[in-house]
Each structure stands twice: as C-alpha cells, then as structure tokens.
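Student: next input, structure requested:
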Amino acid sequence: MSAALAQAPASNTPFDVERVRADFPILSREVHGRPLVYLDSAASAQKPRQVIEAESRVYETEYANVHRGVHYLSQVATEKFEATRTRIASFINAPDENEVVFTRGASEAINLVAASYAGHFFKEGDEILISQLEHHSNIVPWQLAAQRCGAVIRAIPICQDGQIDMAAYADLLGPKTKLVAITAQSNALGIIPPLERIIPMAHDAGAKVMVDGCQAITHRAVDVQAMGCDFFAFSGHKIYGPTGVGALWGRAELLEAMPPWQGGGEMIARVGIEKSTYKGIPHRFEAGTPAIAQVIALKDALDYVDDLGLDAIAEHETMLLDHAVRRLSDMDGVTIIGTSPAKASIVSFLLDGIHPHDIGTIVDREGVAVRVGHHCAQPVMDHYDIAATVRASFGLYNTLAEVDALIASLEKTREIFA
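Tutor: Residues are numbered from 1 along each chain as shown. Down below sits the predicted model:
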C-alpha cells in the first residue's frame, strides 16, 4: 500500500459520530417511514451544514463573477474562489497552487488530460494501460483519445481477490507505453492498488501516470508529491462538497506544455479574429464562467474533513467496514466480491438467488440506501462474470447500528424470497 495513500494509524482523538451526524441535516429525515440509513457515499456523499451554508452565503451576500472585475463583490468572490485553489494545493500537498485546475468533476479532469495531453503528444502505436478496476470515467476518455491518435488501449488485469495483477502489469509495460491510468481506490470494490509500486514501474518504462483519486481522497490523506503521479483528479461531491466541481492536479511542466482543450473567456491573453494567445496555467484550462459558489464552498468541505482528521475518519470507517464484512460473512448465501485486504470503505456483494436490483428495492423500503448495478465499472463485472452487485459504501457519518440495519434488511429480503 502506498505511503502516500496509507491506511491511517489509530487516532488519539475519539471520533464522535453522533456529533458529526448532527452536522448533516438530511440524516434526520425518514424514508418510507423509517430512519434514513445512507450507505451510498461512494456514489455521492451527503453535505454538512457548513458546506450548505457556505454555498448559500455566496448567493445571498457575496456573488459576482470572478476575475477581471474591479467592483467590490467581484474582488471578494475572486479572493474566495482562489482561496479554494490554495486550499486544494495544501490538501493534496501540491508543490504549486497554479498546478490545480478547476473542473466540473473528476470526469472532466480526466477528459482534459486525454484531450490535451494525449491528444497533443500521443501518436499511432503508442500504448495506454488501463486497469480493469477503473470507473468508466478513467476508461472512455482514453478510448476516445486513442481513436483520435491511433494509440492502443491495453488492459491491466486483476486477480480473483480484486487486486491488480502485478506480474501481468510488469509484462505489459514497455517502450510503447505512454500512460498508465489507475485508480487510487476502486469505486466498485473498495480495493486499493499498490501505487507505491505501480507508479515507479510506469516511470521506469518512460510512461506518465493518471490517478483517479475520487474515492481515495475522501477516506485518507493524499500527498501527490510522495505518490509521484503525474496527474491526479478528484470530485467535490465525493468529499462532502458541492456537485458540479472538481479539480485536476498536474505537474507544472506537463500542464505548461499542453494546449487548451476548450476555448472561451478567461483562458485567453489576447483574442483577434484570426488568432488568439492564451494565459498560463491554470487559467488556460478554465474557459468560461466557472461554478463560483460551488468552488468557494468546496473549501469548506475540505476544512470540515481536515478538522475531523483524516486519520480519525479512516479509523472509524475501517471499523464500519470490518463489522460489515464480519456480519455479511456470517450470513448464508452471501458472496463478497473483492476480498483483498487492501481495501477501504466499500463492500460489494451478492446474495444467492436474488437479483441485486430486487435486493436494492426491498432494503430501500426498510430505509436503507445502497447502490446496485455495475457501478460504472463494467470491466470489473466482466472479470467476475456477473452483471451487478449490491454495494454498501460508508462515510464518516455512518454507525455500527446502520450496518446492523443493513444486515436486518438483507435478512428480511431473504425471508421474502424464501
């Protein structure tokens, strides 16, 4: 497991989950007449009051378009907007805040690199390695890039326990390998690939590495310098922040060599009818009016997580995952998909003889929200020769009692189908 994405050590500060839950207004509501048990944070996390109020405050008292404005509100909005960039750089230990590019989410961040970096530098016959663990957002953009430039996509297989097949990975690397696209934590299985081995091996082969950090950044500290990757993407909505905003981090020398991928306002230095010149990084990649309120509120989400402590969060979520795995393992007819011990916050499983969609429907009537389907990770499902799983994913606000509520709802599901 990577030192830059390590399982956190035990915290000396007690994690008060009930105090945390009080910060999330939606957790007090009922669903189908039962208390909401939200076990779908891997898809999108709920928002604490601090983030909701921060976004609302922008619209109520601080809103204006950012950059170039000379009036007071524009200056205030710009200052807070750029403060989030600085905060992200600190949060992921980026060397320079100008290496942080705002996007609509991780999908757009990966598309940016695929369109601009791969689209500009890759040629026919170059190879892009993509692991079978990847979310579709770290697969499809590279397929599109390969189609445009003639590059070849090659799959890094996974083992039966869901972990990367490192021997196969080593065999795939070669002089034609230009990029390795890898997740820091599988959204479908929770598996954590050994980035501390994967990234140096790619660099030794002369390849760059794009890391999808959407799941990882929510559960443990990220240090892009220690990790050694070349690009890193994440989404705000996964880390208790607003939807519609995310970020790309890239090495300055790479970003500076990349052409703009979208044109419009803000990314230009000067525009003429026949030719334009462009700003430096990061602004050359931020065409048009951004998600101003969402970017500003993202800082509050990062502050919130930092205040709780990522070590304490990881310890709490590990307790939840361990309890869920034990309870599920004690049930007859349950198959857990992805059993590697290097995993976090997610358990994906099947219940013999019952389709995952039926399970999801019945447990929902008990107030329990889980995700069912292929989880935008169809190559994972293909590897196990299944169509779908039930996925329970845990966040900092979940409790042991909620895990037990999931188990009780599964028992009821089994009784119904018996």
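Student: I figured A405 was touching V37, is that so?
Tutor: Yes - between A405 and V37 there is a contact at 4.9 Å, judged by CB atoms under 8 Å. C-beta here means a position set from N, CA and C on the backbone, and glycine is covered the same way.
Student: so what's in contact with the two at the same time?
Tutor: Shared contacts of A405 and V37, defined by CB atoms under 8 Å, 6 or more residues apart in numbering, are found at E366, G367, V368.
Student: model confidence for the first one, exactly?
Tutor: What it means is E366. Looking at E366, its pLDDT stands at 98.
Student: swap in A4?
Tutor: Reported pLDDT for A4: 57.
Student: for R327, same thing?
Tutor: Value listed for R327 in the pLDDT field: 98.
Student: and the strands in the stretch 251-400 of the chain, which stretches?
Tutor: All strands of the stretch 251-400 of the chain, identified by DSSP state E, counting those that start in this stretch, fall at 268-271, 276-278, 334-337, 346-351, 368-369, 371-373, 389-393.
Student: tell me how far the residue nearest to T389 when sequence neighbours are not counted lies from A233.
Tutor: Distances taken as CB to CB, 6 or more residues apart in numbering put S348 closest to T389, at 4.3 Å, once the chain neighbours are dropped. Counting by CB to CB, to the nearest Å, the gap from S348 to A233 is 22 Å.
Student: which one of the two has more residues nearby?
Tutor: Counted by other CB atoms under 10 Å, S348 and A233 do not tie: S348 has more neighbours, with 33 against 29.
Student: ok, that one - contacts?
Tutor: A188, L189, G190, I336, I337, G338, H375, T389, V390, R391, A392.
Student: and what of L328?
Tutor: Applying CB under 8 Å, 6+ apart, we find L328 in contact with V334, I336, V347, F349, I407, L410.
Student: repeat that with 10 Å
Tutor: Neighbouring residues of L328 by CB atoms under 10 Å, 6 or more residues apart in numbering: V334, T335, I336, V347, F349, L351, V390, A392, V403, L406, I407, L410.
Student: make sure the last one is actually in contact with L350.
Tutor: No - L410 is not in contact with L350 according to CB atoms under 10 Å; the separation is 11.1 Å.
Student: now do the shared contacts for those two.
Tutor: With CB under 10 Å, 6+ apart, L410 and L350 have common neighbours G333, V334, I359, V390.
Student: among the residues you listed, who's most crowded?
Tutor: Highest neighbour count within those, by other CB under 10 Å: V390, with 28 neighbours.
Student: gap between that one and A418?
Tutor: From V390 to A418 the distance is 18 Å (CB to CB).
Student: what do you get for Q132?
Tutor: Distance from Q132 to A418, by CB to CB: 35 Å.
Student: between the two, which one's more packed in?
Tutor: Legend: neighbour count by other CB under 10 Å for Q132 and A418, higher for Q132 (20 against 7).
Student: need the shared contacts of A405 and V37 in CSV with distance to F285, can you?
Tutor: Shown next, in CSV, are the shared contacts of A405 and V37 (distance: CB to CB, whole Å):
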residue, distance to F285
E366, 45
G367, 43
V368, 41
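Student: can I get these in a markdown table including neighbour count and distance to K275?
Tutor: Shown next, in a markdown table, are the shared contacts of A405 and V37 (neighbours: other CB atoms under 10 Å; distance: CB to CB, whole Å):
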| residue | neighbour count | distance to K275 |
| --- | --- | --- |
| E366 | 19 | 62 |
| G367 | 19 | 60 |
| V368 | 26 | 58 |
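Student: using PDB, list the CA coordinates for stretch 128-136.
Tutor: Presented in PDB, the C-alpha positions along stretch 128-136 are these (Å, rounded to 0.1, in the frame of the first residue of the first chain):
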ATOM      1  CA  ILE A 128      -2.200   3.400 -22.900                       C
ATOM      2  CA  LEU A 129      -2.500   0.900 -20.000                       C
ATOM      3  CA  ILE A 130      -5.900   0.900 -18.100                       C
ATOM      4  CA  SER A 131      -6.600  -1.300 -15.200                       C
ATOM      5  CA  GLN A 132      -9.700  -3.500 -15.000                       C
ATOM      6  CA  LEU A 133     -10.600  -1.800 -11.800                       C
ATOM      7  CA  GLU A 134     -11.300   1.600 -13.400                       C
ATOM      8  CA  HIS A 135     -14.500   3.600 -13.300                       C
ATOM      9  CA  HIS A 136     -15.800   4.300 -16.800                       C
END
